[in-house]
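The amino acid sequence is not available; the structure is as follows:
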């Protein structure tokens with residue numbers, strides 16, 4: 001039977017909790033070879049008879065208008081869904097009278113997709129296929145795989161946790177633990193330098 005190669009590719013990961021057989025429960029996550037950009041949207045729009053630049057202008061206008069409304073607390077309904085501001089209370093309070101404006105912080109934007117948008121994706125869906133890869137963090141025990149992943153993530157001469165975790169297919173803390181392990185010991189192979197809030201890992205000079 002031929003292997004399915006269309007639809008949405010996914011990878012399998014382990015959860016921190018175990019099933020009845022004592023093994024970690026699993027979950028799946030979509031995985032794509034690369035990300036799509038506005039350039040891709042513009043190119044596709046050209047095939048639909050829409051002038052290049054029109055879509056980009058529409059998005060820029062939407063950001064300008066929508067950002068003002070969200071900053072004032074409005075929910076903004078669109079064909080793709082409803083945008084709403086997310087705020088949180090900084091600190092612990094039990095007395096409402098003590099909560100002031102300075103105690104509230106804007107933390108992001110929430111998008112609730114519209115039924116129309118969800119149904120449009122469902123109509124385009126062609127099923128799923130499993131991308132063959134290691135499950136969970138078992139690849140950390142494969143020295144050849146990890147060495148190759150590290151080398152590929154070092155293409156600019158250094159790597160970061162976020163870049164390495166994608167190449168090694170690890171979660172953030174597993175990738176961080178692995179990189180930090182290469183920075184320690186009697187003969188470390190990496191050194192880390194902090195730039196702003198991000199650690200950069202450089203190969204040790206031989």
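Received it, and whenever you're ready, just let me know what you need. Values in this document were obtained by computation on a predicted structure and should not be read as measured data. Residues are numbered from 1 along each chain as shown.

contacts, neighbours, all on C-alpha from now
Fine.

My read is that residue 70 contacts residue 76, right?
Yes. Using C-alpha atoms under 8 Å, residue 70 is in contact with residue 76, at 7.4 Å.

Who are the packing partners of the worst-scoring helix or strand of the chain on mean pLDDT?
Between all helices and strands in the chain, the lowest mean by mean pLDDT, DSSP states H and E belongs to strand 8-18, at a mean of 78. When contacts are defined as 3 or more C-alpha pairs under 8 Å, 6 or more residues apart in numbering; DSSP states H and E, strand 8-18 sits against strand 24-30, strand 128-130.

gap between residue 163 and residue 195?
With distances taken as C-alpha to C-alpha, to the nearest Å, residue 163 is found 15 Å from residue 195.

Check residue 165 too.
Residue 165 sits 19 Å away from residue 195 when distances are taken as C-alpha to C-alpha.

Can you name the residues that contact the residue sitting furthest away from the middle of the chain?
With C-alpha atoms, centre = their mean as the measure, the chain has its most outlying C-alpha, relative to the mean C-alpha position, at residue 97: 38.8 Å. Listed by C-alpha atoms under 8 Å, 6 or more residues apart in numbering, the contact set of residue 97 is empty.

Test for you: state the pLDDT assigned to it.
At residue 97 the predicted local confidence, pLDDT, stands at 94.

Same question for residue 129.
Predicted confidence (pLDDT) for residue 129: 86.

picking up where we left off before, residue 165 and residue 195: which has the busier surroundings?
Set side by side, residue 165 and residue 195 show unequal neighbour counts under other C-alpha atoms under 10 Å, the larger going to residue 165 at 22 against 8.

ok, and the closest non-adjacent residue to that one?
Counting by C-alpha to C-alpha, 6 or more residues apart in numbering, residue 165 lies nearest to residue 175, which is 5.3 Å off, once chain neighbours are set aside.

Could I get the phi/psi values of that neighbour?
Dihedral angles of residue 175 (phi, psi; degrees, to the nearest 10) stand at phi -70, psi -40.

what element comes up after the lengthiest helix in the chain heading to the C-terminus?
In the chain, taking DSSP state H as the definition, the longest helix is helix 54-71. Sequence-wise, the next helix or strand downstream of helix 54-71 (DSSP states H and E) is strand 76-78.

Please enumerate residues in contact with the helix or strand just after that following strand?
Beyond strand 76-78 in the direction of the C-terminus, DSSP H and E gives the next helix or strand as strand 81-89. With C-alpha under 8 Å, 6+ apart as the test, strand 81-89 has contacts from 70-71, 73-77, 103-115, 117.
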